[in-house]
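# any chance you can model this:
(one chain, ligands or ions: 1)
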Amino acid sequence: MYIDFHCHILPQMDDGSESVEMSLEMLRREMEQGVDRVVLTPHFYRHREDQRSFLARRQRAYDKLRRAMDADGGSFPELRLGAEVAMTKQLRFEDLSALCIQGTNTLLLELPFESMGSWYGDVRAIIERNTERVVLAHVERFRDSLKKKDHEEIMALPCLKQINTSSVISDGFFRRRQLMKWVENGDVHIIGTDAHNLTSRPVDMRSAVKIIKEKGYSAQLKDMVERARKLSG
Ligand SMILES: [Fe+2]
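Below is the predicted model of the structure:
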């Protein structure tokens, strides 16, 4: 069984699921594809919203989804509440524990897509204070926006790195060979779908898992799943 460590399935929270019905269908697809735990990670943008408001909104979306799951009566993966926290200047000075995956100190952090800037030092500071266990979201996606040297610096940061299933499947974003090298060498640690909907950014765990296994990296995949289970509590 697999864990989806990164997705936008909570209804009407961000640019992800637009309705409870869509969320239920996405969860059914997770289930069909062998995912038994889903970490719900809606976008959190500190420059637009404070933590308290975000957490209240997230709780309402979660309660709504839970009620719909109960009413549906079907079987669904177990859920964990989390967030995809966009890196901003303020974060370094805040207590981020409430944004970690519930019951853990695991923080899914999204780096800016703009070129390497002063944010890099702030990211390092958050990682090095060791209060949170930082997981960088979809590290492979920054290959296109950062210079090679800068991306190498990101990859060298002493924290965990998550990759998207869609990047394993499509080589549009990045060079798949490079991604597979990272998988092979254990340079990337966790996998997630980053699913947003049922069409353009769907739940595609099954296809990614198939490719990783075909390439001969079943052992690395197993490690990634076990790590995700521990980190998500
Ligand atoms: Fe995301």
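
# so which residues on the protein come close to the ion?
Glu84, Asp194 (Cβ under 5 Å from the ion). Bear in mind the C-beta positions are built from the backbone N, C-alpha and C, glycine included.

# Met31 reaches Phe76, doesn't it?
Yes. Counting by Cβ atoms under 8 Å, Met31 touches Phe76, with 6.1 Å between them.

# more neighbours: these two, which one.
Phe76 (19 against 16; other Cβ atoms under 10 Å).

# Leu160 pairs with what?
Going by DSSP bridges, Leu160 is paired in beta bridges with Val135.

# residues in contact with it?
Arg133, Val134, Val135, Leu136, His189, Ile190, Arg227, Leu231 (Cβ atoms under 8 Å, 6 or more residues apart in numbering).

# can you list those in a markdown table and add pLDDT and neighbour count?
Formatted as a markdown table, those follow (pLDDT from 0 to 100; neighbours: other Cβ atoms under 10 Å):
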| residue | pLDDT | neighbour count |
| --- | --- | --- |
| Arg133 | 97 | 15 |
| Val134 | 98 | 24 |
| Val135 | 98 | 26 |
| Leu136 | 98 | 25 |
| His189 | 98 | 22 |
| Ile190 | 98 | 24 |
| Arg227 | 98 | 17 |
| Leu231 | 98 | 22 |
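
# just the element for the most far-flung residue of the chain relative to its centre, please.
Going by Cα atoms, centre = their mean, the residue of the chain most distant from its centre is Ala71, 27.6 Å out. Ala71 is part of helix 51-72, with elements assigned from DSSP states H and E.

# what about that helix, distance to the chain center?
19 Å (Cα atoms, centre = their mean, to the nearest Å).

# which elements pack onto that helix?
Applying 3 or more Cβ pairs under 8 Å, 6 or more residues apart in numbering; DSSP states H and E, we find helix 51-72 packed against helix 20-32, strand 78-81.

# and the shortest one, which residues are buried?
Applying a neighbour-count criterion of 16 or more other Cβ atoms under 10 Å, one finds Leu79, Arg80, Leu81 buried in strand 78-81.

# repeat that for the first one.
Judged by neighbour count using 16+ other Cβ under 10 Å, the buried positions of helix 20-32 are Val20, Met22, Ser23, Leu24, Glu25, Met26, Leu27, Arg28, Arg29, Glu30, Met31.

# repeat that for stretch 124-138.
By neighbour count on 16+ other Cβ under 10 Å, the buried set for stretch 124-138 is Ile126, Ile127, Glu132, Val134, Val135, Leu136, Ala137, His138.

# and it, how far out from the chain middle?
Counting by Cα atoms, centre = their mean, stretch 124-138 is centred 14 Å from the centre of its parent chain.

# and the contacts of that stretch?
Residues outside stretch 124-138 that contact it (Cβ under 8 Å, 6+ apart): 5-6, 41, 84, 91-92, 96-97, 100, 104-111, 123, 154, 157-164, 167, 189-190, 192, 194, 231.

# and the helices in the chain?
Using DSSP state H, the helices of the chain run over 20-32, 51-72, 119-129, 148-156, 165-169, 176-185, 205-214, 218-231.

# which neighbouring elements make contact with the shortest one?
Okay, so that is helix 165-169. Going by 3+ Cβ pairs under 8 Å, 6+ apart, helix 165-169 lies up against helix 176-185, strand 190-192, helix 205-214.
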